[in-house]
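Student: Need coordinates for the following:
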Amino acid sequence: MADDREELGKLAYELQVYRDESQILQQQIASLQTTQAEIENSMETLKNLKEIKEEVLLPIGSGAHLRAKILDNEKILINIGADVIAEKNVEEAKEFLASRSKKIEELKNELQKNLVEISNRVMKLDEEAKKITSRMRRGRDLQPSQEDKGVHQEYR
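Tutor: As a prediction, the model looks like this:
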């Protein structure tokens, strides 16, 4: 019975670790989905860039925008990583963003695969915990209570 309690404690700890890891993976997947949506919006803007001749609204955050005129719709300044900005033509920028989107999709798929594996492991650990709990309950039911011990002693 003490072994069952110890094993149940270990399972509870392991379940909590997996649940925490699962939550982190879900947050990372959500973040990647947001980044991917931003990339798709950027790519859509690049498709329509040549048609823009007049003013545009430039978002500056918190729902605020500036009116701006595009001086050059042939060159794009793009963050290529580590806060390094490179100038690319529209086609190069589209290719760069498509490549980035593909890498994000691959990473997202890998994280989702890990999440499924963790979920499967959690289900197995839950089943083990239920079996141990059930075994512990049966063990308690089979052992005579203090009152039963006293009654048995009277009749001996």
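Student: quick one, longest helix in this protein?
Tutor: With secondary structure taken from DSSP state H, the chain has its longest helix at helix 90-142.
Student: Pull the contacting residues for the residue nearest to the spatial centre of the chain.
Tutor: Note on the chain: the residue nearest the mean C-alpha position is residue 26, at 1.7 Å, using C-alpha atoms, centre = their mean. Contact analysis of residue 26 by C-beta atoms under 8 Å, 6 or more residues apart in numbering lists residue 115. Quick note: C-beta positions are derived from backbone N, CA and C, even for glycine.
Student: what's the helix or strand for it?
Tutor: In this structure, residue 26 sits in helix 2-48 according to DSSP states H and E.
Student: could you give the mean pLDDT of stretch 83-92?
Tutor: Mean pLDDT, computed over stretch 83-92, is 94.
Student: for it, how far is the first residue from the last?
Tutor: Terminal residues of stretch 83-92 lie 18 Å apart, using C-alpha to C-alpha, to the nearest Å.
Student: In the protein, where is pLDDT below threshold?
Tutor: Along the chain, segments meeting pLDDT under 70 span 1-2, 141-156.
Student: neighbours around residue 115, how many?
Tutor: Close neighbours of residue 115, defined as other C-beta atoms under 10 Å, add up to 18.
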